[in-house]
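> Return atomic coordinates for the entry below.
(chains A, B, C and D)
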2 protein chains.
Amino acid sequence: MTTDVADAWTALADPTRREIFARVARRPRSVTDLAGELPVSRPAVSQHLRVLKDAALVRVRAEGTRRIYSADPAGLQVLRAELEGFWSATLANFKELVEGEPEDRSTT
Amino acid sequence: MTTDVADAWTALADPTRREIFARVARRPRSVTDLAGELPVSRPAVSQHLRVLKDAALVRVRAEGTRRIYSADPAGLQVLRAELEGFWSATLANFKELVEGEPEDRSTT
DNA sequence: CCCTTCCGTAAGCAGTAACTTACGCTTTGT
DNA sequence: ACAAAGCGTAAGTTACTGCTTACGGAAGGG
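Prediction:
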């Protein structure tokens, strides 16, 4: 439950799960609603939501017998952070390739 | 070869592949170099690089018999775009939850 | 109370993905 | 021309993952 970054990557890697997350991000929904919109069974959705929840990408709120899932900024934040790291490293590197101007040789 | 977004997600989902990409992003390397730094065989690295290349996340440049791989901004860009979409949707949604102020009911 | 709705979990199955070893091709150096 | 270095691909194995059906429990309505 340690909000692992790796979990967030693998969680959003699956197309169905990414679609579920996208919908929930636009507007919170119940499990049955999601299952009605997608070409998979309700238990499948439930299992996907469990993975997303373990990655801190979604939250649950009980509403009667229904469970309303909504997107959680926490999980996305760590993903964004790592992606931005990749981005800056890639750009810096790319500049050297184009300009032919290596500047920092101390990096690993 | 259509720079599919899905490919980028699944490409970075694997830990080993993400590690390879991170290293290449910091500084371009050869296949053998990468294999020497990682706990997998050289063919395994080669296969991972192929996946990364199909997702437009890396580029190759021949240098003698060596193939120097470097990070490619193209693949990362599409990932960043989709992630930012998730991010804004999540934040807008999260605000409603906190402030209790739904404003746009037309969204799906 | 019953009955219905909504949900999570267990069990089982089929497809895929990551790894290894083995092989062949290309480029460089002597 | 030959040997060595560096890569990519093929083939095969193992482990995981996403799906289904089946079941059981918790929350509202008559």
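> tell me how far the helix ranked longest in chain A is from the chain's mean position?
Ranked by residue count and defined by DSSP state H, the top helix of chain A is helix A:73-99. Relative to its chain's centre, helix A:73-99 lies at 16 Å (Cα atoms, centre = their mean, to the nearest Å).
> shaky segments in chain A?
A:1-6, A:96-108 (pLDDT under 70).
> and residue A:14, what are its phi and psi?
For residue A:14, the backbone dihedrals (degrees, to the nearest 10) come out as phi -70, psi 130.
> So for the closest residue to DNA strand D within chain A, what's the nearest residue that isn't a sequence neighbour?
Closest contact between chain A and DNA strand D, by Cβ to the nearest atom of the strand, is at residue A:41 (3.1 Å). Just so you know, the C-beta spots here come from the backbone N, C-alpha and C atoms, and that holds for glycine as well. Of all residues not flanking residue A:41 in the chain, residue A:35 sits nearest, at 6.5 Å (Cβ to Cβ, 6 or more residues apart in numbering or on different chains).
> now residue A:52
Using Cβ to Cβ, 6+ apart, the nearest residue to residue A:52 is residue A:58, at 4.5 Å.
> got it, and residue A:86?
Nearest in space to residue A:86, with sequence neighbours left out and distances taken as Cβ to Cβ, 6+ apart, is residue B:25 at 5.5 Å.
> would you say that neighbour is within a strand?
No - counting by DSSP: H, G, I helix; E, B strand; the rest coil, residue B:25 falls outside a strand, being helix.
> Now do the contacts for it.
For residue B:25, the contact set (Cβ atoms under 8 Å, 6 or more residues apart in numbering or on different chains) comprises A:86, A:89, A:90, A:93, B:71.
> hmm, 10 Å instead?
If you count contacts by Cβ atoms under 10 Å, 6 or more residues apart in numbering or on different chains, residue B:25 has them with A:85-94, B:57-58, B:70-73, B:76.
> who touches the residue nearest to residue A:52 in this structure?
Going by Cβ under 10 Å, 6+ apart, residue A:58 touches A:11, A:20-21, A:24-25, A:28, A:48-52, A:69-72, A:74-75, B:90.
> The longest helix of chain A to helix B:73-99, inter-axis angle?
150 degrees (axes from the mean of the first three to the mean of the last three Cα atoms, to 10 degrees).
> Name the residues of helix A:73-99 that are buried.
Buried positions in helix A:73-99, judged by neighbour count with 16 or more other Cβ atoms under 10 Å in any protein chain shown: A:73, A:75-76, A:78-80, A:82-83, A:86-87, A:89-90, A:92-94, A:96.
> ok, now how distant is residue A:41 from DNA strand C?
Distance, residue A:41 to DNA strand C, by Cβ to the nearest atom of the strand, to the nearest Å: 8 Å.
> can you list the residues of chain A near DNA strand C?
Selection of chain A residues close to DNA strand C by Cβ under 7 Å from any atom of the strand yields A:30-33, A:42-43, A:46-47, A:49-50, A:60, A:65-67.
> Now the two most distant members of those residues.
Using Cβ to Cβ, those span at most 19.2 Å, a distance reached by A:47 and A:65.
> Let me see the contact set for the residue of chain A at minimum distance from chain B.
Minimum separation of chain A from chain B (Cβ to the nearest Cβ) falls at residue A:13, amounting to 3.4 Å. When the contact criterion is Cβ under 10 Å, 6+ apart, the partners of residue A:13 are B:6, B:8, B:9, B:10, B:11, B:12, B:13, B:14.
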